[in-house]
Every structure is written in C-alpha cells, then in structure tokens.
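**Student:** Got a sequence here, can you build the structure:
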Amino acid sequence: MESECRVYRPRNPRKTPLWGLLDTLYERVKGKWEERFERKYGFWRGLADEAVARYLDCGDWNSGFARVRCRKCPEEFLVAFSCRGRGLCPSCGAKRAAELGAFLVEEVVEDVGHAQWVFTMPERLRVYFLHHRELLGELSRAAYETVKELMSAAAGEAEGFRPGVVSMVQTFGDRANYHPHVHALATRGGWTASGEWIPVPYVDERAAEELFRHKVLALLRRRGLLSEERIELLLSWRRSGFSVHNRVWAHPAQGREFEGLVRYMSRCPVSLKRLRFAPGSKEVVYTRKGGQDTSEPAEDETIDAEEFVARVLVQIPDPRRHLVRYYAAYSNRARGQRCSLMACSFVPLLPKHFQQYLAGRTRRWFRSDGGGECQCHIDRMNAARDRLRLDPVPGEEDRHIGVVSPG
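**Tutor:** Next up is the predicted model:
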C-alpha cells in the first residue's frame with residue numbers, strides 16, 4: 001500500500017554528465033580559449049566564471065539547504081539551495097520554464113487560440129548576433145513586427161490592430177551549437193482599437209519568411225554590419241536560408257499541454273537526457289533531437305569534449321538582458337490598462353484561495369526537479385516561498401540549516 005506521504009528525491013548534480021564536463025574541463029577550455037576558440041566564438045566573456053561556479057555549487061549540500069517540515073505529519077525533507085542561473089543549469093532552467101508557463105496561463109494570455117511561430121535565419125548571418133548580442137532584442141522585435149503586419153493585413157485593420165505576442169529568444173540548436181532564433185507565442189487574431197476580437201486563423205508562412213528576411217537584413221544594414229552589395233547578393237539567393245513555421249497551435253484551456261509548449265519554447269540549451277560523457281574521455285556523445293516525422297529518427301553525434309564545453313559557454317546570456325519579451329496586447333502597459341479598467345470589479349483572493357494559487361506554482365517547481373511533496377498537507381506546505389517562515393537552527397555548525405514551517 002502506497003504511503004500517504006511521498007519521499008522527496010533530491011537530485012544529485014555531481015552525477016550528471018554536464019557537471020562532470022564543466023568540473024574537469026572548464027579551466028582547460030578557458031586557458032585554450034584565445035588560441036583555439038576565440039576565432040569561432042569571439043572573445044572570452046568574464047561572466048562565465050561566476051555562472052559556472054554557481055552551477056557547480058547548485059544542489060550542493062555544502063552550499064546550504066533548508067529543512068521542509070509538515071506540521072500535520074512527521075514527514076520532513078531537505079532541499080539544497082539552487083543557483084537560479086540562466087542558460088546553463090538544466091534544473092534551474094526547468095523550474096524557470098515551469099514558472100513562466102504558469103505565469104502566462106494565469107496572468108498574461110487571453111482565452112483565445114494561440115500559435116507558436118519559429119523564426120530562423122541562415123548560418124552566415126548568425127555570427128553577427130554572436131558578436132553583437134544586443135541585436136537579439138531587435139531580432140525579437142523583427143519577429144513581432146512580422147506577425148503584427150501580416151495579421152493586420154489579413155484582418156483588414158491597418159490602424160490599432162493588436163495581437164498578443166510573447167517572444168522568447170533561443171541561441172542553441174539541436175547540437176548545442178550557436179543558433180540564434182526566435183520562438184513567439186502569438187494569438188490567432190487580434191483586437192481592434194475598440195476592443196473587438198478579430199480571428200485570423202491562417203497566415204502564409206512564405207509571406208512571413210520574406211517579410212522577416214527583409215527586416216533582418218535592414219536591421220544589419222542600419223547597424224553597419226552589411227553593405228548594400230552584400231544585401232543584394234543575399235537577396236539573389238534562390239533559397240534564402242530564412243524560415244518561418246507557425247503550424248503548432250494551442251489554447252490556454254488545454255492547461256498542461258499549453259504550459260508544456262511554453263516550457264519547450266523556454267527550455268535550457270543542454271538536455272541531460274541526450275548527453276553522455278565518461279569521466280576522463282576526450283569526447284561526448286550528444287543525441288540530436290528527431291524530427292516531427294517518426295521516420296526521421298534521433299541521431300548520435302560524437303563531439304570533442306572541449307568543443308562541447310565551448311558551445312555550452314557561449315549559450316550563457318548576458319546579464320540584465322531579457323530573453324522573454326511581451327508585445328502589443330500582452331505588453332506590460334496593455335495588461336496594466338486592462339487591470340485598471342477592471343479595478344472597480346476586482347475581488348482580491350482570500351487567504352485560502354491565495355494559498356491554493358501559490359501551491360500550484362510551487363508544486364510545479366518540485367515536479368520539474370523530479371521530487372515529491374507531502375500529500376497530507378500539500379496546499380499549505382506548498383505555499384509561496386515568500387510566505388514560508390525560515391527559522392534558523394541554533395548552533396554554529398548548523399549555520400546553513402533552516403526549518404521551513406508552512407503556515
């Protein structure tokens with residue numbers, strides 16, 4: 001008979017292949033960067049030192065932990081502190097993606113159909129976004145403007161038409177190589193200036209590809225990175241190398257499926273399930289993701305271990321630069337205006353409902369980390385971290401220990 005309380009199974013990051021790679025090869029790659037990797041991946045970025053150090057300490061009991069205890073039963077367990085890093089730690093990336101999915105469903109998206117748009121560019125242009133990472137934000141805006149202009153034309157509303165768009169910049173491909181592209185979650189329609197909803201069930205991908213192509217080339221020309229002659233040459237290509245895909249649809253009412261799509265769009269660059277590395281080996285095996293068609297199976301690729309570490313390091317985003325952006329009907333300003341209009345009829349959550357609301361959020365964190373939770377008192381125990389009271393345990397030897405007592 002299954003126990004009433006499930007056991008929390010903490011992860012062991014030291015047993016993962018990524019941890020072993022960075023622990024054994026990071027300093028070696030850093031020492032060889034100028035000679036071997038600078039020409040391909042650009043100058044060394046000092047931010048990697050802190051990011052890697054924090055990742056190697058993530059989930060380490062020596063770096064501190066909290067004791068979580070339920071007041072309704074004797075069950076308790078320990079939770080190691082995490083690094084909360086971006087673009088490197090798979091565990092923290094999964095938690096961040098789960099939190100983003102919950103936030104979009106509960107606070108951002110409207111109850112209408114959505115489509116995932118994927119915007120990619122040819123390999124020859126990716127190097128500009130590697131050496132000028134501030135352009136990633138403008139790449140995201142170019143994708144949004146492509147969606148807006150085509151939807152406005154399809155709806156016959158030139159002025160005031162606003163779809164809801166949430167864009168996420170990804171910088172990695174199936175081989176963990178540097179491959180900047182944009183995933184955008186866009187409504188399948190938009191709202192007029194008067195607030196009327198106009199559905200747009202279809203937008204031609206070919207037209208979107210051409211428009212996005214011209215916007216990216218114009219962006220690089222304005223920055224002085226491409227000349228008029230080079231742009232004319234690129235426009236003469238029979239196959240442009242750009243692509244736009246918008247045939248994945250989802251609705252917020254689908255719940256977990258919709259959140260799963262958001263987690264996929266904001267996932268971590270490295271998948272631990274697809275990575276294999278033996279300590280002391282000079283190579284890693286990384287499984288390329290299979291295509292949508294089952295006839296296109298996943299393939300194993302053998303990569304030099306130091307080269308793979310270099311690929312991972314270039315995925316670390318610059319600090320204080322957003323990877324998720326909100327546009328038009330989903331922008332912060334538009335959401336704030338809607339809240340102000342609804343203020344007269346807004347009913348705040350009661351404490352009990354607030355606990356249940358935050359319990360769902362925290363439960364997602366635990367599920368993304370492969371753990372469990374106390375079932376007998378789950379709603380109160382999984383309340384928000386801000387609401388948890390941290391009582392230090394006396395004793396110098398226990399200075400990193402705390403007791404988390406829900407409510």
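**Student:** would you list every one of the helices in the stretch 101-250 of the chain?
**Tutor:** 123-131, 135-155, 205-222, 228-235 (DSSP state H, counting those that start in this stretch).
**Student:** Show me the shaky parts of the stretch 301-407 of the chain.
**Tutor:** Within the stretch 301-407 of the chain, the segments meeting pLDDT under 70 span 340-407.
**Student:** Just to check, residue 259 is in contact with residue 98?
**Tutor:** Yes: counting by C-beta atoms under 8 Å, residue 98 is a contact partner of residue 259 at 7.4 Å. To be clear about C-beta, it is placed using only N, CA and C from the backbone, and glycine gets the same treatment.
**Student:** residues in contact with the residue nearest the centre of the chain?
**Tutor:** Centroid-nearest residue in the chain, with C-alpha atoms, centre = their mean: residue 266, separated by 2.3 Å. By C-beta atoms under 8 Å, 6 or more residues apart in numbering, the contact list for residue 266 reads 96, 97, 100, 101, 168, 183, 323, 324.
**Student:** Swap in 7 Å and give it another go.
**Tutor:** 97, 100, 168, 324 (C-beta atoms under 7 Å, 6 or more residues apart in numbering).
**Student:** just residue 278 next, same as before
**Tutor:** Residue 278 touches nothing, counting by C-beta under 7 Å, 6+ apart.
**Student:** pretty sure it is in a strand, no?
**Tutor:** No: going by DSSP: H, G, I helix; E, B strand; the rest coil, the assignment for residue 278 is coil, not a strand.
**Student:** Surely residue 251 is in contact with residue 115?
**Tutor:** No: at 10.3 Å, residue 251 does not count as touching residue 115 under the criterion of C-beta atoms under 7 Å.
**Student:** shaky segments in this structure?
**Tutor:** Ranges of the chain meeting pLDDT under 70: 1-9, 290-298, 340-407.
**Student:** Give me the buried stretch members for stretch 13-29, please.
**Tutor:** 13, 16, 17, 18, 19, 20, 21, 22, 25, 26, 29 (16 or more other C-beta atoms under 10 Å).
**Student:** Of residue 251 and residue 115, which one has the most company?
**Tutor:** residue 115 (21 against 14; other C-beta atoms under 10 Å).
**Student:** Ramachandran coordinates for the residue lying closest to residue 76 once chain neighbours are set aside?
**Tutor:** Nearest non-adjacent residue to residue 76, counting by C-beta to C-beta, 6 or more residues apart in numbering: residue 69, 3.9 Å away. Per-residue torsions, residue 69: phi -130, psi 140 (degrees, to the nearest 10).
**Student:** Same check on residue 92?
**Tutor:** phi -70, psi -30.
**Student:** Spell out, range by range, the strands that occur in this structure.
**Tutor:** Counting by DSSP state E, the chain has these strands, from start to end: 65-69, 76-80, 114-120, 164-172, 178-187, 189-191, 197-199, 243-250, 275-276, 283-288, 299-304, 324-328, 389-392, 402-405.
**Student:** now for the ones you listed, which one comes closest to residue 47?
**Tutor:** strand 164-172 (14.4 Å; C-beta to C-beta).
**Student:** I'd say residue 279 and residue 19 touch.
**Tutor:** No: taking C-beta under 7 Å as the definition, residue 279 is not a contact partner of residue 19, at 10.7 Å.
**Student:** Wait, residue 19 touches residue 13, no?
**Tutor:** Yes: when contacts are counted by C-beta under 7 Å, residue 19 is listed as touching residue 13 (5.0 Å).
**Student:** Using PDB, list the CA coordinates for stretch 223-238.
**Tutor:** Provided in PDB are the C-alpha atoms of stretch 223-238 (Å, rounded to 0.1, in the frame of the first residue of the first chain):
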ATOM      1  CA  ARG A 223      24.000  48.700 -37.800                       C
ATOM      2  CA  GLY A 224      26.600  49.000 -40.500                       C
ATOM      3  CA  LEU A 225      27.200  45.200 -40.500                       C
ATOM      4  CA  LEU A 226      26.100  44.600 -44.000                       C
ATOM      5  CA  SER A 227      26.700  46.600 -47.200                       C
ATOM      6  CA  GLU A 228      24.100  47.200 -49.900                       C
ATOM      7  CA  GLU A 229      26.100  45.000 -52.200                       C
ATOM      8  CA  ARG A 230      26.100  42.100 -49.700                       C
ATOM      9  CA  ILE A 231      22.400  42.500 -49.200                       C
ATOM     10  CA  GLU A 232      21.700  42.400 -52.900                       C
ATOM     11  CA  LEU A 233      23.800  39.200 -53.100                       C
ATOM     12  CA  LEU A 234      21.800  37.600 -50.200                       C
ATOM     13  CA  LEU A 235      18.500  38.600 -51.800                       C
ATOM     14  CA  SER A 236      19.600  36.900 -55.000                       C
ATOM     15  CA  TRP A 237      19.800  33.500 -53.400                       C
ATOM     16  CA  ARG A 238      17.200  31.100 -54.700                       C
END
